[in-house]
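Enquirer: Okay, predicted coordinates and the sequence, questions at the end:
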Amino acid sequence: MFDELKRRNVLKVGVAYLLAAWLLIQVAATLAPQLQLPDWVPRLVTLLLLIGFPIALLMAWFLERAPEGIRVEASPVGNKRMIAAAVVIGALALGWYLRMPAQPSPGPATATGNTDVTKTAEPPAEPVAQAGTLAEKTPPPSPKSIAVLPFVNMSTDKEQEFLADGLSEEILNSLTRIEGMQVVGRTSSFRFKGKNEDLRSIGQQLGVANVLEGSVRRGNDRARITAQLIRVSDGIHLWSQTYDRPLDDTLAMQLDIAENVADALGVVLDEAQLDLMRRTGVKNANAFIAFQKGRQVFGEAHDPMKSDNIIESLRAANVYMDRATALEPGLALAYQLGADLHFHIIMSDSATMAEREESVAAADRALDLAARHAHDEQQRLFVELDRQLLSDDWDGLSDRFKAVLASPGCGQSNWMMVGSALGYAREMLAFVPQIMSCDPFSGFAQIRGAESANWAGLHEESLEYVNSQSTTGGRASTVALQGVRALAALGRLDEARAMLGTMEGTGSLIAMGQLIVAVAAKEDLGELRVRQQKMDRGGWNPELWQVTDQFADVVTGDRDAANRRAAAIDAAPGGPLRLAVTATLCYCGAPFDLESTPNFKARLAESGLKWPPADTKPASLVLKSLP
């Protein structure tokens, strides 16, 4: 039989067919996403080629090329055997294909038409370790948990990537307003932008049962948007749809996607939730394009490896933020992020009194708009906390801190950090897992956890936060400094020096770390300060030098210098907030006497907050001048 197969060229035909089929399958799989063909097209090509394989073998067996042309060979016994073999091969191939589970999409979402994919029963999810948290194991993800991955820009114009990012974020924001949904925050979801990572792995790292991915192609004033909801445990598409509509209709598209996702996951939307989504959704596509550009520059501004001067970089970011709010006046987060420029001017040593006064007024206006347009109660509470800390009225501030720390959700506040020094270190530490539960890769949560644990004297726990995830840019140095503090307090000085060696790009933080290690090691601080005075005090964020200098005054026992420095800050607009930040970052108890800061003293008296801060190691190892 084998010789007969060779004589009739069945083996040659079979090998040639398989090679050609493999090539066609690869071409179909590659071109389908680029041409935005329905995702069933590559599977159909594979199925047809599988069906054609036994047919090709049969044709090679029966048909033979002869001088007079193609003729049919007659061999009753052999023919029966060949037919049986072909049927068996065809049945096995088809059975294998039909039993093969759908694979998670490896790359950009593809267009899938306007037909919903049939929903299937939810299998039990596997317990997975969630990246970025302190727990080694987390419970299985909720069947209604989801991450919205950044949609892929399918246009040749790279600028349209901001449209894709903006649409992704707006869909994410719509989903977060649906009761019963557990939605991963933007920081964590966007961590996977541009990465061709398996969806099962993404789901495990983010602790979710489902992901939404998609693509955007813009042409003139229209956009073609494809979205697909995928269950990460088995790669099953629970829902998919393609939209081809004018850009002015983006709000309707993002709301429709959110509604369909909720429906696919069995979450019932009531009219109140739908109304909230309509009222808080961004209607103008160019507004969220401008906002995404501003957010990118904002992020780079806070990274010393990408920005030479944080204030000038934030000015550039605010050009986009202002453009976004001009097109969409209700864009609360643009106002909130835009206020950061004014806070940095207030904190700057080089700013004049007039510049600080103007910045206090500008920040207050921006935060007022952010509070008025806040999309949820927690965001409003965070904005109002920052606004009151900046003001000259701290009456009831302790109650506001309590309200913020008791609020559900995953919001963030620029200046809630001062709560650690003002009596809320353990409450802050308890709040951090709430943020990380929905944004596991949040650098904000990591630094807050590390610093709050240090303030609470839980230095081992601080190190867990320091080592919980990799960070880059500005946060890397701030997180590493917390590690230096914790290791020095624990007496692990060699490890503290090693971590200090990993810090780069921020001279003031490096100088602070050097002082911490020197204090813990009981080294000569005078010689160290002489060397530090020669360090470059310009660059990315020179305002941090004021905290380093305050710390140096305290640990060297120069209380008069510390009081003079604090008195100058207290007399300037925004002084009380600056002093609260100084006390928080110093980790050295009360770094000045209240009598030298009457404005700050008055604010504390009306606030209900605790003072002085607790002495924290390693600074308190040698502080002779503390009361």
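Expert: Yes, it's here.
Enquirer: Just give the number of residues close to the nearest residue to Val208 once chain neighbours are set aside.
Expert: Once its chain neighbours are removed from consideration, Val208 has its nearest residue in Ser145; the separation is 4.2 Å (C-beta to C-beta, 6 or more residues apart in numbering). C-betas here are computed from N, CA, C, even on glycine. The number of residues packed near Ser145 is 22, by other C-beta atoms under 10 Å.
Enquirer: And the pLDDT for Ser145?
Expert: Here the pLDDT value assigned to Ser145 is 93.
Enquirer: beta partners of it?
Expert: Partner residues in beta bridges with Ser145: Gln182, with DSSP bridges as the criterion.
Enquirer: how about it, what does it touch?
Expert: Ser145 is in contact with Met181, Gln182, Val183, Val184, Gly207, Val208, Ala209, Asn210, counting by C-beta atoms under 8 Å, 6 or more residues apart in numbering.
Enquirer: Apply 10 Å and report the result again.
Expert: Ser145 is in contact with 125, 181-184, 203, 206-211, 232, 265, 438, counting by C-beta atoms under 10 Å, 6 or more residues apart in numbering.
Enquirer: For these, pick the one with the most neighbours.
Expert: Neighbour counts for those were taken using other C-beta under 10 Å; the highest belongs to Val184, which has 31 neighbours.
Enquirer: Out of the contacts of Ser145, which comes closest to Asn286?
Expert: Closest approach between those and Asn286, by C-beta to C-beta: Val183, at 25.3 Å.
Enquirer: how about that closest one, what does it touch?
Expert: With C-beta under 10 Å, 6+ apart as the criterion, the residues that contact Val183 are 144-148, 171-177, 189, 208, 212, 261, 410, 438-439.
Enquirer: Try it again at 7 Å.
Expert: Val183 makes contact with Ile146, Leu172, Leu175, Thr176, Cys438 under the criterion C-beta atoms under 7 Å, 6 or more residues apart in numbering.
Enquirer: Among those, name the buried ones.
Expert: Among those, those buried by neighbour count (16 or more other C-beta atoms under 10 Å) are Ile146, Leu172, Leu175, Thr176, Cys438.
Enquirer: How much space separates the residue most central in space within the chain from Tyr335?
Expert: Note on the chain: the residue nearest the mean C-alpha position is Thr187, at 1.0 Å, using C-alpha atoms, centre = their mean. Note on Thr187: its distance to Tyr335, by C-beta to C-beta, to the nearest Å, is 20 Å.
Enquirer: Leu594 too?
Expert: When C-beta to C-beta is the yardstick, Leu594 and Tyr335 sit 34 Å from each other.
Enquirer: Mind checking which of these two has more residues around it?
Expert: For Leu594 versus Tyr335, the count of surrounding residues by other C-beta under 10 Å is larger for Tyr335: 25 against 19.
Enquirer: now that one: how far from Leu172?
Expert: Here the distance between Tyr335 and Leu172 works out to 19 Å (C-beta to C-beta).
Enquirer: Which residue ranges of the stretch 101-250 of the chain form helices?
Expert: Remark: helices of the stretch 101-250 of the chain, listed N- to C-terminal, are 161-176, 186-189, 199-206, 250-264; assignment by DSSP state H, counting those that start in this stretch.
Enquirer: and those helices, which is most packed in?
Expert: Ranked by mean neighbour count, the helices of the stretch 101-250 of the chain are led by helix 161-176 with a mean of 25 (mean count of other C-beta atoms under 10 Å).
Enquirer: how does the protein divide up, domain by domain?
Expert: The chain is divided into the following domains under automatic domain parsing: 2-99, 145-280, 415-621.
Enquirer: Figure out how far the longest one is from the centre of its chain.
Expert: Translated: domain 415-621. Averaging C-alpha coordinates over domain 415-621 and over its chain gives two centres that are 25 Å apart (C-alpha atoms, centre = their mean, to the nearest Å).
Enquirer: avg pLDDT for that domain?
Expert: Taken as a whole, domain 415-621 carries a mean pLDDT of 88.
Enquirer: go on, stretch 229-242?
Expert: Stretch 229-242 shows a mean pLDDT of 92.
Enquirer: Could you do stretch 195-215 as well?
Expert: 91.
Enquirer: Just the CA coordinates for it, please, in PDB.
Expert: Included here for stretch 195-215 are C-alpha records, laid out as PDB according to Å, rounded to 0.1, in the frame of the first residue of the first chain:
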ATOM      1  CA  LYS A 195       2.500  44.800  24.600                       C
ATOM      2  CA  ASN A 196       1.500  41.600  22.800                       C
ATOM      3  CA  GLU A 197       0.900  39.700  26.000                       C
ATOM      4  CA  ASP A 198      -1.400  36.700  26.400                       C
ATOM      5  CA  LEU A 199      -4.800  37.700  27.800                       C
ATOM      6  CA  ARG A 200      -4.800  35.000  30.400                       C
ATOM      7  CA  SER A 201      -1.500  36.400  31.800                       C
ATOM      8  CA  ILE A 202      -3.000  39.900  31.800                       C
ATOM      9  CA  GLY A 203      -6.100  38.800  33.600                       C
ATOM     10  CA  GLN A 204      -4.000  37.000  36.300                       C
ATOM     11  CA  GLN A 205      -1.800  40.100  36.800                       C
ATOM     12  CA  LEU A 206      -4.800  42.400  37.100                       C
ATOM     13  CA  GLY A 207      -7.000  40.000  39.000                       C
ATOM     14  CA  VAL A 208      -9.900  40.200  36.600                       C
ATOM     15  CA  ALA A 209     -12.100  37.600  34.900                       C
ATOM     16  CA  ASN A 210     -12.700  39.600  31.600                       C
ATOM     17  CA  VAL A 211     -10.900  42.100  29.400                       C
ATOM     18  CA  LEU A 212     -12.300  44.500  26.900                       C
ATOM     19  CA  GLU A 213     -10.000  45.300  23.900                       C
ATOM     20  CA  GLY A 214     -10.600  47.000  20.600                       C
ATOM     21  CA  SER A 215      -9.300  49.100  17.800                       C
END
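Enquirer: I'd say Asp364 and Arg387 touch.
Expert: Yes: at 6.4 Å, Asp364 and Arg387 qualify as touching, with contact defined as C-beta atoms under 7 Å.
Enquirer: Which of the contacts of Val183 sits closest to Arg564?
Expert: Nearest to Arg564 among those, with distances taken as C-beta to C-beta, is Cys438, at 45.0 Å.
Enquirer: Which residues are in contact with the closest one?
Expert: Taking C-beta under 7 Å, 6+ apart as the definition of contact, the neighbours of Cys438 are Gln182, Val183, Val184, Gly185, Cys410.
Enquirer: Any chance of those residues in CSV with distance to Asp303 and pLDDT as columns?
Expert: Listed next are the contacts of Cys438 as CSV, based on distance: C-beta to C-beta, whole Å; pLDDT from 0 to 100:
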residue, distance to Asp303, pLDDT
Gln182, 30, 91
Val183, 26, 93
Val184, 23, 93
Gly185, 19, 91
Cys410, 22, 80
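Enquirer: Any chance of CSV for these, columns distance to Val297?
Expert: Rendered in CSV, the data for these read as follows (distance: C-beta to C-beta, whole Å):
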residue, distance to Val297
Gln182, 31
Val183, 26
Val184, 24
Gly185, 20
Cys410, 24
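Enquirer: Ala252: which of these is nearest?
Expert: For the contacts of Cys438, with Ala252 as the reference and C-beta to C-beta as the criterion, the closest is Val183, at 20.4 Å.
Enquirer: Distance from stretch 221-230 to the middle of the chain?
Expert: In this view, stretch 221-230 has its centroid 22 Å away from the chain centroid, taken as C-alpha atoms, centre = their mean.
Enquirer: nope, stretch 156-170 is what I was after
Expert: Taking the mean C-alpha point of stretch 156-170 and that of its whole chain, the gap between them comes to 16 Å (C-alpha atoms, centre = their mean).
Enquirer: Also stretch 376-394?
Expert: Put simply, stretch 376-394 sits 24 Å off its chain's centre (C-alpha atoms, centre = their mean).
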